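Engineer: Sequence below, structure please.
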Amino acid sequence: MKKTLSALILAIAGAGSASAFIDSYSIKRESLPEEAQEMLSKYFPKAKVGMIKIDRHLLKKTDYDVKLVNGTKIEFSNAGKWKLVDCQNKEVPESLVPSTIRKYVKKNFSDVKITMIEKKTLNYLIGLSDGVVLKFDLLGTFNGVESME
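Structural biologist: So this is what the prediction gives:
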């Protein structure tokens, strides 16, 4: 009897806590952390939000995936810092890309534009309009071409 009661209590507690981690959706910028709202206002002032997916993780903190009506995808951390900006076939706002990286791309890939930037813990990944993905360290030093696996 004790085992059955314990199992029942664990099942109820598990179901209750699992529901706390279900993703939710919004179209209101106010659903984002303040820093994310400021980033959108600064770099995409006229763009309309198509959807905000609020990812709640069991072991990680919440993060936010924003899709603008123009197709741009932006990922934010729980604190509102951008992690990824993917403008599809449009150019990433110039001031989002560190100047050393912009200069390198302009010098070595003059006929393409930067369409994606991802800031990771130790490096940047830069997607170009021709499909090439470049890898840079946080200081903007070129580290090679990222494999597309």
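
Engineer: low-confidence ranges in this protein?
Structural biologist: 1-23, 58-60, 147-149 (pLDDT under 70).

Engineer: which residues touch the spatially most central residue of it?
Structural biologist: What sits nearest the mean C-alpha location of the chain, by C-alpha atoms, centre = their mean, is residue 75, with 1.8 Å. Contacts of residue 75 were listed using C-beta atoms under 8 Å, 6 or more residues apart in numbering, and they are 63, 64, 65, 66, 82, 83, 84. (Glycine included, C-beta is placed from N, CA and C.)

Engineer: just residue 92 next, same as before
Structural biologist: Counted by C-beta under 8 Å, 6+ apart, residue 92 has contacts 85, 114, 115, 116, 117.

Engineer: Ramachandran coordinates for the fourth one?
Structural biologist: Pointing back at residue 116 there. Main-chain dihedrals, residue 116, degrees, to the nearest 10: phi -150, psi 140.

Engineer: Same check on the last one?
Structural biologist: As for residue 117, its main-chain torsions (degrees, to the nearest 10) stand at phi -140, psi 130.
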